[in-house]
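Student: Turn this into a model:
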Amino acid sequence: MGILSTEQLIHGVKNGRPIAPFSIQDEIIEQYIKLIKLKRMTLKTDSQEAKLLAMHLREPLDFVRQEKRLALSQCEIYVLPLPLCMAYAEASGKKPIIVIASGFIDLVANAIFAAHLQSILPQELNSYYLFKYRKDMPASNLLTNAIFLLQLHFYRFCKPLPNIYALATPQMFEESKLAINGALLFTLLHELGHHKLKHLEFSNNIRPIHYPLALEENLSILQHQEMEADTFALNCLIEPAKIIGTYWQQNAVNFFLQIELVSGNYSDKNHPMAINRSFYSDTLRNNWGKEYDVAPRPIFFRNIANRYQATKESKSEEMNALIQTTREGCLNILNEINETLLLFGIDLKPIWTTPAPNWLTIKGS
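Tutor: Just a heads-up that it's a prediction; the model follows:
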């Protein structure tokens, strides 16, 4: 049994490569470090959280090449039971160490369930406007933006996530399972890549790989290494599954893509733009999918790139107006939209009145 000590845990939270530290407040990180010290917290590879994570990965793990599956099994994998949005690789001792925070797991699952919620909204919301809030956005857009902002508040300030599980049907769980578990598996393989490619040795060597980009970006050494780790993770999969793997990768970075589209800025300077990470994996998907009738998506990425550029070029107070909406403001928007949705038999209130469970421990998952 592997044990990550209090000192190693604090070192990792401070110095590990988070998924995207963007605007998580430094004082919040310090608060959690104080909590770790106070509880003398240690992480164990046989903890209940780690066992549940392993259980959820069982199905997508079948798509991993045997030698890479063996390499992943030789890692010490820990689940950090705090609502921080991070996963990181750490070079310590004989075995590669990977730590993934339950907060990141929750965020991935929540974002995927939110997509299901959008799919059941009535068309009538597209012509219903809330004049008290935004005259230029129909209620359907305002609702999805308010949900995203509640997720962003969780991400930046570690506040409770909206509990979209409260509206989830058994069918939604079944349809979402492989997407969520695959995104988590991709994240672990990505961190394994940092180990295997010796990124943790702080080498300045860059392998000569050309990355097609949706938006012009001069990749730093760290950003280049993140693209390398993405490529490593996808190449861990058996041939037909690599196509599915690109969707897992995009599910893993989708939330950070949304941040970029709203703010017109990087979600994290140490990582490439999420739009470029998604575009590169999509390019690989098109190459791998020629025999499987996979359709390229150039228009989709062109529209995203145009939207990003438009936000970036607008005035800062305009582009950040939505990000600055308070949590209470989001709930007011949702409450007003809910009055209309009740006419269609949809009640959103459970989303923000039911306490959010940890995704790992949802009954029946």
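Student: Please give me every residue in contact with the closest residue to Arg327 other than its chain neighbours.
Tutor: Counting by CB to CB, 6 or more residues apart in numbering, Arg327 lies nearest to His153, which is 5.1 Å off, once chain neighbours are set aside. Yep, even glycine has a C-beta here, placed from its N, CA and C like the rest. By CB atoms under 8 Å, 6 or more residues apart in numbering, the contact set of His153 is 159, 327, 330.
Student: most surrounded residue in the residues you listed?
Tutor: Within these, Cys330 tops the neighbour count with 24 neighbours, counted by other CB atoms under 10 Å.
Student: how about the helices in the stretch 151-300 of the chain?
Tutor: Remark: helices assigned in the stretch 151-300 of the chain by DSSP state H, counting those that start in this stretch are 170-196, 221-235, 241-263, 274-288, 298-313.
Student: tell me which element Glu90 falls in.
Tutor: strand 87-91 (DSSP states H and E).
Student: Which elements pack onto that strand?
Tutor: Judged by 3 or more CB pairs under 8 Å, 6 or more residues apart in numbering; DSSP states H and E, strand 87-91 is in contact with helix 6-15, strand 96-101, helix 170-196.
Student: rerun at 7 Å
Tutor: Helices and strands touching strand 87-91, by 3 or more CB pairs under 7 Å, 6 or more residues apart in numbering; DSSP states H and E, are strand 96-101, helix 170-196.
Student: quick one, which of those is nearest to Glu7?
Tutor: strand 96-101 (13.2 Å; CB to CB).
Student: hmm, back to that, what's the angle between the strand holding Glu90 and helix 241-263?
Tutor: 110 degrees (axes from the mean of the first three to the mean of the last three CA atoms, to 10 degrees).
Student: ok so, going back, now distance to Ile29 too, for the contacts of His153, in CSV please.
Tutor: Listed next are these as CSV, based on distance: CB to CB, whole Å:
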residue, distance to Ile29
Lys159, 15
Arg327, 20
Cys330, 24
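Student: and which of those is nearest Asn141?
Tutor: After measuring those against Asn141 - CB to CB - the closest member comes out as Cys330, at 13.5 Å.
Student: Can you say which helix or strand has the closest residue to that closest one other than its chain neighbours in it?
Tutor: Nearest non-adjacent residue to Cys330, counting by CB to CB, 6+ apart: Ala146, 4.3 Å away. Here Ala146, judged by DSSP H and E, is contained in helix 139-157.
Student: mind listing what's buried in stretch 87-98?
Tutor: Residues of stretch 87-98 classed as buried by neighbour count (16 or more other CB atoms under 10 Å): 87-90, 96-98.
Student: cool, stretch 138-148 as well?
Tutor: Under the neighbour-count criterion of 16+ other CB under 10 Å, stretch 138-148 has 139-140, 142-148 buried.
Student: What of stretch 105-124?
Tutor: If you call a residue buried by 16+ other CB under 10 Å, then stretch 105-124 has these buried ones: 105-114, 116-117, 121.
Student: to the chain's geometric centre, what's the distance from it?
Tutor: 14 Å (CA atoms, centre = their mean, to the nearest Å).
Student: mean confidence score for it?
Tutor: The pLDDT scores in stretch 105-124 average 90.
Student: So for Gln299, what's the pLDDT?
Tutor: In this structure residue 299 is Ile, not Gln. The predicted local confidence for Ile299 is 86.
Student: so the closest residue to Leu360 other than its chain neighbours is in which element?
Tutor: Leaving out its chain neighbours, the residue that sits closest to Leu360 by CB to CB, 6+ apart is Leu52, at 4.4 Å. Under the criterion of DSSP H and E, Leu52 resides in helix 48-61.
Student: Now for the closest residue to Glu59 other than its chain neighbours, how many residues are close by?
Tutor: Of all residues not flanking Glu59 in the chain, Asn181 sits nearest, at 6.2 Å (CB to CB, 6+ apart). Asn181: 23 surrounding residues under other CB under 10 Å.
Student: same question, the one 4 residues further on
Tutor: Counted with other CB under 10 Å, residues neighbouring Leu185 total 27.
Student: same thing with Leu261?
Tutor: A count of nearby residues for Leu261, using other CB under 10 Å, gives 18.
Student: what do you get for His199?
Tutor: His199 has 22 nearby residues by other CB under 10 Å.
Student: separation between the nearest residue to it once chain neighbours are set aside and Ser73?
Tutor: Leaving aside its sequence neighbours, His199 sits nearest to Gln225 (CB to CB, 6+ apart; 4.6 Å). Applying CB to CB, to the nearest Å, the value for Gln225 to Ser73 is 24 Å.
Student: higher neighbour count, the two?
Tutor: It is Gln225, of Gln225 and Ser73, that has more neighbours when counted by other CB under 10 Å, with 25 against 11.
Student: Is that one in contact with Lys198, as I believe?
Tutor: No: assessed by CB atoms under 7 Å, Gln225 is found out of contact with Lys198, at 9.7 Å.
Student: So what does Ile3 have for phi and psi?
Tutor: Dihedral angles phi and psi of Ile3 (degrees, to the nearest 10) take the values phi -130, psi 130.
Student: Let the chain start at 33 from now.
Tutor: Sure thing, new numbering starts at 33, so read that last one as Ile35.
Student: coming back round to it: kindly calculate the angle that the strand holding Glu122 makes with strand 128-133.
Tutor: If you take the same axes, to 10 degrees, strand 119-123 sits at 160 degrees to strand 128-133.
Student: Please state the mean pLDDT value computed over strand 119-123.
Tutor: Regarding strand 119-123, the rounded mean pLDDT is 87.
Student: Then stretch 223-230?
Tutor: Mean pLDDT, stretch 223-230: 93.
Student: neighbouring contacts of that stretch?
Tutor: The contact list for stretch 223-230, computed with CB atoms under 7 Å, 6 or more residues apart in numbering, reads 103-104, 107, 119-121, 128, 130, 232, 260-261, 264-265.
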